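Enquirer: generate coordinates for the sequence data below:
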Amino acid sequence: MFYSPSEAFSAYLAMPERLPESVPVSHTQQLDSITDLVDDIDVFLFDAYGVLNVGGTAIEGAKEQIAKLRRAGKKVMVVTNAATQNKQQLFDKFVGLGFDFSDQEIVNSREVLLQYMDLQSSTSLGVITLPEFRLDTQRPCVYPEDDNFWQADEFLFLSGQAWNEERHQRFIAELQNKPRTVWVGNSDLIAPLENGVSQEPGSYTLTLPDEIYPQVRCFGKPYAPIFEEALSRIKHQLGDVAPQRIAMIGDTLHTDILGGNAMGFKSVLVTQYGFLRGLDVEQHIQRSKIRPHYQLASI
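Expert: Numbering: from 1, shown residues only. From the prediction side, this is the model:
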């Protein structure tokens, strides 16, 4: 478990082989506002936590900036690693925060992951999530509170809130005894909250021992499938858009920026509210060797 962004950052540095290869960027340009890019960017992909909201609170001015981009004729989307909630629940959350994203403008890692899984299988799936966010599928599912959870044929990790260190140590032992596929809906290690951080599924799964990790299937940023889903929706609505006319805006170097750079997008690092709040940003860029094309405090 990680109790601070600094701890999580050090963990990311220790696992380069489990992340996409970093694409070199020569320099970072400072921005005053995300609208500074309206002449250069056609599609704006926004991370949620640390960019649009912190926990259950919308970041001041974010809704107004989204509206300005829309008035400028720009396409805006959310690309988020949030995997606990299903599509409707996530849509309702953004409405409750005051944003006007349509369901097709929200790309979340849970939705992308489920497209890759065989949900028609008759084999059992051990789903790690909270009771109120259980999976709606015909496939037999068991949950951590069920007696036969540990005998599941595969595992699906959706929520760090449904897990703890005691369960995790047994999880490791069970997988060492009988290797099984572990599907990971959220590859983040942590997420910023109003006070502190939350433990996300990546904190338990990206750090699994080497003999287990080959069975892990990670989804969400920085991995390609979530970006490919966003590109598919962009193409359906706008036709082909050059990657350099697309911006990925996020607060985390090892997810938003690394993943955006790997796709050939322009990357924008937001520093005031998220992963790097209160830290020496340039030092972290240099240590990670992950450089954004642009940087600003808040959108």
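Enquirer: quick one: the helices in the stretch 101-250 of the chain?
Expert: 109-116, 165-177, 201-205, 224-238 (DSSP state H, counting those that start in this stretch).
Enquirer: among those, which is the most enclosed?
Expert: helix 201-205 (a mean of 27; mean count of other C-beta atoms under 10 Å). The way it works is simple: take the backbone N, C-alpha and C, and place the C-beta from them, glycine included.
Enquirer: and that one, what does it pack onto?
Expert: strand 154-157, strand 182-184, strand 216-218 (3 or more C-beta pairs under 8 Å, 6 or more residues apart in numbering; DSSP states H and E).
Enquirer: ok, 7 Å please
Expert: Counting contacts by 3 or more C-beta pairs under 7 Å, 6 or more residues apart in numbering; DSSP states H and E, helix 201-205 is packed against strand 154-157, strand 182-184.
Enquirer: may I see the buried residues of the shortest one?
Expert: Buried residues in strand 182-184, counting neighbours by 16 or more other C-beta atoms under 10 Å, are found at V182, W183, V184.
Enquirer: same check on stretch 241-248?
Expert: Under 16+ other C-beta under 10 Å, the buried positions of stretch 241-248 are V241, I246, A247, M248.
Enquirer: rewinding a little: now tabulate the helices of the stretch 101-250 of the chain in CSV and tack on mean pLDDT and distance to A152.
Expert: Output for the helices of the stretch 101-250 of the chain, formatted as CSV (pLDDT from 0 to 100; distance: least, C-beta to C-beta, whole Å):
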stretch, mean pLDDT, distance to A152
helix 109-116, 94, 16
helix 165-177, 96, 9
helix 201-205, 95, 15
helix 224-238, 96, 23
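Enquirer: how about those helices in JSON lines, adding distance to T57?
Expert: Formatted as JSON lines, those follow (distance: least, C-beta to C-beta, whole Å):
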{"stretch": "helix 109-116", "distance to T57": "22"}
{"stretch": "helix 165-177", "distance to T57": "29"}
{"stretch": "helix 201-205", "distance to T57": "23"}
{"stretch": "helix 224-238", "distance to T57": "24"}
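Enquirer: closest to A67 out of the ones you listed?
Expert: Ranking those by proximity to A67 (C-beta to C-beta) places helix 224-238 first, at 18.8 Å.
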